[in-house]
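Asker: Give the three-dimensional model of this entry:
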Amino acid sequence: MKIDYPALIVVEGASDKAFLTSFLNAEIVVTNGSEVSRETIEYIKEASARKSVVVLTDPDFPGKKIRDKLDSQIPGLKHVFIPKEKAIKGHKVGVAESDKETVLQALSFPLEEKAPSSNALSMSDLFDLGLVGTESSSSLREKVMAKLHLGYGNAKTFLKRANAMGLTKEDLEKAIHG
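Answerer: Below is the predicted model:
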């Protein structure tokens, strides 16, 4: 039995769409790689006026490039992330290489860009928490990003996504020590 998903899902390729439609009833748009066409962007922009749009791209550089391109042209997109280690089969990395449970878990944690808050996290906060500035910062960031479903990224990406979720320094402390 397929699960109904109310948002439009944006993926990179036809294999991603085929995989998702095997267990989801949802409208799915394929970007056909990182060179997203003007027509596809316009369709997603129009659809975003009617329903939520969730971007689910591969956990790699081209996937990030697609997210950035869409974000720069379409306000209000939501993002979900699949951990890279759960999206590898053989030598391929991607949504279609993950499994149903991983995708469903990711879809239950959409990240939506919010207006910056007055108590937004700073790079100094990340330094205080050991998330930047030490030899183990990268592995600690990866652990926290996985726990909070923020996908993978460097310190700058981590900070952007944590602020987009409205996380506080206390939230990060809990994720580190919890």
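
Asker: Now do the buried residues in stretch 64-74.
Answerer: By neighbour count on 16 or more other C-beta atoms under 10 Å, the buried set for stretch 64-74 is 64, 66-67, 70, 74. Placement of C-beta: from N, CA and C, glycine included.

Asker: Need the CA coordinates for it. CSV is fine.
Answerer: Backbone C-alpha positions of stretch 64-74 (Å, rounded to 0.1, in the frame of the first residue of the first chain) are rendered in CSV as follows:
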residue,chain,number,x,y,z
LYS,A,64,23.7,20.8,-3.3
LYS,A,65,24.1,22.7,-6.5
ILE,A,66,20.4,22.0,-7.4
ARG,A,67,19.2,23.0,-4.0
ASP,A,68,21.1,26.3,-4.1
LYS,A,69,19.9,27.1,-7.6
LEU,A,70,16.2,26.4,-6.6
ASP,A,71,16.6,28.3,-3.4
SER,A,72,17.9,31.3,-5.2
GLN,A,73,14.9,31.5,-7.5
ILE,A,74,12.0,30.1,-5.5
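
Asker: Closest to residue 105 out of the buried residues of stretch 64-74?
Answerer: residue 67 (18.8 Å; C-beta to C-beta).

Asker: Looks like the closest one contacts residue 55 (just checking).
Answerer: Yes. With contacts counted by C-beta atoms under 8 Å, residue 67 reaches residue 55, the gap being 5.6 Å.

Asker: quick revisit: so of the buried residues of stretch 64-74, which ones are in helices?
Answerer: 64, 66-67, 70 (DSSP state H).

Asker: would you turn the residues you listed into JSON lines with pLDDT and distance to residue 8?
Answerer: JSON lines is the format used below for those (pLDDT from 0 to 100; distance: C-beta to C-beta, whole Å):
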{"residue": "64", "pLDDT": "90", "distance to residue 8": "20"}
{"residue": "66", "pLDDT": "96", "distance to residue 8": "15"}
{"residue": "67", "pLDDT": "92", "distance to residue 8": "15"}
{"residue": "70", "pLDDT": "95", "distance to residue 8": "12"}
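
Asker: Of those residues, which is the nearest to residue 47?
Answerer: Checking these against residue 47 with C-beta to C-beta, the nearest one is residue 70 at 11.9 Å.
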